[in-house]
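Peer 1: turn this into a structure:
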Amino acid sequence: MDDKMLEKSPPTVLWFSRGDRMVLIVGGILVGALLGFAVPFVASWGASLTWIPFQGPLELIASWSQWWVRYVCIGVGILLGLVLVAAAFYDTARVAVSETQVHITEKGETVTVTRSQVATAFVDGKELVLLDAASRQLVRVSSEEKRDAIEVAFEQRGYQVAPGDPYDDLYYLWVPESPGLAPEVNAVLKARDMALKKKAGSDARELRSELDRLGVVVRDRKTSQYWRPLVRS
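Peer 2: Predicted coordinates for the structure are as follows:
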């Protein structure tokens, strides 16, 4: 089968299914509408209890007696519910796997990795990881899909899939000024540690790429960083 035929094969998409998307959208609408419907009642109840803070805003809302107020609250609630659903869609990685490449879209950014670049694919906890022949992390992204679904998607497209991280025993816990690491590597890991504590995800990803360039792979376990050297196959 040539590349043109492979390109015509629709990719397997690892993301929310159509049913899941409908459930989230309808759920967001219903929950938002119910909360909006309840706002005037809650405001009236809260305004009657002087010990509850924010009495001013509560009294203001409770004073709105016009017939349209409840419908406005319901509309605002629906809008907020849909905004939360849209945020969930935006933040959740969408992975499209074909025989020739992998597209990963997350937070408005898309990364494309060709089949020839990928040496190994595996699931690490809730993260999809793609490694190249030098064991460099081409992709490490959180996924809401189950491990089995991810592994099957890549196996069916002909990718080499490992049951876990093949280099798991090579990782070391990073501590400031770790022995065995070059000063510049320790400096980048220190900067990345600060970025993780500040929840600056984009900075942490950029620093991960810089570590790859310096010959070090990093992964996170809660608030700790673990590192290993690159291993060429």
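
Peer 1: contacts, neighbours, all on C-alpha from now
Peer 2: Will do.

Peer 1: how is this structure partitioned into domains?
Peer 2: For the chain, the structural domains run 18-91, 93-164, 167-233, going by automatic domain parsing.

Peer 1: from the chain's centre, how far out does the second one sit?
Peer 2: A distance of 14 Å separates the centroid of the chain from that of domain 93-164, by Cα atoms, centre = their mean, to the nearest Å.

Peer 1: just use 596 as the starting number from now, easier for me
Peer 2: Happy to do that; since the first residue is 596 now, the last one works out to domain 688-759.

Peer 1: next, count neighbours for residue 758.
Peer 2: Neighbour count of residue 758, defined by other Cα atoms under 10 Å: 11.

Peer 1: looks like it contacts residue 720 (just checking).
Peer 2: No: counting by Cα atoms under 8 Å, residue 758 stays clear of residue 720, with 11.4 Å between them.

Peer 1: out of the domains of the chain, which comes closest to residue 605?
Peer 2: Among these, the nearest to residue 605 by Cα to Cα is domain 688-759 (7.1 Å).

Peer 1: now do the end-to-end distance for that closest one.
Peer 2: End-to-end distance of domain 688-759 (Cα to Cα, to the nearest Å): 20 Å.

Peer 1: elements contacting whatever helix or strand residue 782 lives in?
Peer 2: Assigned by DSSP states H and E, residue 782 belongs to helix 778-792. Secondary-structure packing of helix 778-792 (3 or more Cα pairs under 8 Å, 6 or more residues apart in numbering; DSSP states H and E): helix 796-808.

Peer 1: residues in contact with the helix it packs on?
Peer 2: Applying Cα atoms under 8 Å, 6 or more residues apart in numbering, the contact partners of helix 796-808 are 731, 732, 780, 783, 784, 786, 787, 790, 791, 812, 813.

Peer 1: gap between residue 682 and residue 761?
Peer 2: Distance check for residue 682 against residue 761: by Cα to Cα, it reads 34 Å.

Peer 1: scratch that, residue 790 is what I was asking about
Peer 2: 27 Å.

Peer 1: these two: who's more crowded?
Peer 2: Comparing residue 790 with residue 761 by other Cα under 10 Å, the one with more neighbours is residue 790, at 17 against 12.

Peer 1: ok, the closest residue to the more buried one other than its chain neighbours - how many residues close by?
Peer 2: Spatial nearest neighbour of residue 790, chain neighbours left out: residue 799 (5.7 Å); criterion: Cα to Cα, 6 or more residues apart in numbering. By other Cα under 10 Å, the residues close to residue 799 number 21.

Peer 1: ok, now how distant is residue 799 from residue 820?
Peer 2: Going from residue 799 to residue 820 by Cα to Cα gives 11 Å.

Peer 1: ok, residue 676 next?
Peer 2: Using Cα to Cα, residue 676 is found at 35 Å from residue 820.

Peer 1: same check, this time on residue 619
Peer 2: Distance, residue 619 to residue 820, by Cα to Cα: 34 Å.

Peer 1: do you know the pLDDT at residue 599?
Peer 2: The model reports residue 599 with a pLDDT of 47.

Peer 1: for the one 4 residues further on, same thing?
Peer 2: With respect to pLDDT, residue 603 has a value of 59.
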